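Asks: how would this look folded up:
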Amino acid sequence: MKRTKLKKFSEKGLAKRKEKTEITKKLHEFFLNLWDERELFNGTFSYCKCEETGKILTREFYRENSCCYSHILSKSKYPELAFKKENIMIVSPDAHAQYELNPEKTPNQLKRKLELLK
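Replies: Next up, the predicted model:
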C-alpha cells in the first residue's frame with residue numbers, strides 16, 4: 001500500500017489555522033453566554049425556546065450544540081456581526097438547517113434578516 005505524504009503548512013498557514021481555532025473557541029464561549037442570558041426555567045428544568053418553532057430546547061441536550069446558534073447574516077459575509085447578539089437566534093438544529101437551505105421556510109429568521117439589513 002502506498003503511503004500518502006502529510007501536507008506541510010507554511011508559517012502563514014499555521015498562523016491562520018491557529019487564529020481560526022481561537023475565534024472558534026471564543027465564538028463557542030459567546031454562544032454559551034448567550035444561552036445563559038436567554039435561558040428560561042419551568043421549575044423542573046432549564047431550557048430555551050426555538051425562536052423559529054417554539055420547540056423547547058433543554059439545556060442538557062442543546063446548550064453546547066453549535067447547530068442551535070443561527071447567524072442570521074452569515075459570518076463569512078458579515079464577519080463584523082459574528083459576535084453581535086442581535087445577529088444570532090437560538091433555534092433547533094432542524095430550523096437552522098432549513099434556514100441555510102431555504103430561508104423562505106423559516107419566517108422568523110427571514111424576518112430578522114430583513115430587519116438587520118435595514
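Asks: quick one: Gln98 from Lys49, how far?
Replies: 17 Å (Cβ to Cβ, to the nearest Å). All C-beta spots, glycine's among them, are computed from the backbone N, C-alpha and C.
Asks: hang on, I meant Gly13
Replies: Gly13 is 42 Å from Lys49, by Cβ to Cβ.
Asks: and these two? which has more neighbours close in?
Replies: Lys49 (15 against 11; other Cβ atoms under 10 Å).
Asks: Now that one: closest residue in space, sequence neighbours ignored.
Replies: Using Cβ to Cβ, 6 or more residues apart in numbering and skipping residues adjacent in sequence, the residue nearest Lys49 is Ile56, 6.2 Å away.
Asks: I'd say the one you found and Phe41 touch.
Replies: No - the criterion here is Cβ atoms under 8 Å, and Ile56 misses it with Phe41 at 11.7 Å.
Asks: And the two? Which one has more around it.
Replies: Using other Cβ under 10 Å as the criterion, Ile56 and Phe41 rank with Ile56 on top: 14 against 9.
Asks: gap between that one and Ala15?
Replies: Distance of Ile56 to Ala15, computed by Cβ to Cβ: 42 Å.
Asks: dump the residue contacts of Trp23.
Replies: Rather than Trp, residue 23 is Ile. The neighbours of Ile23, taking Cβ atoms under 8 Å, 6 or more residues apart in numbering as the test, are Ala82.
Asks: anything in contact with each of Ile56 and Phe41?
Replies: Counting by Cβ under 8 Å, 6+ apart, the residues touching both Ile56 and Phe41 are Tyr47.
Asks: Tally up the residues packed near Thr44, please.
Replies: 6.
Asks: How about the contacts made by Pro79?
Replies: No contacts exist for Pro79 under Cβ under 8 Å, 6+ apart.
Asks: Next, it: phi, psi?
Replies: phi -60, psi -30 (degrees, to the nearest 10).
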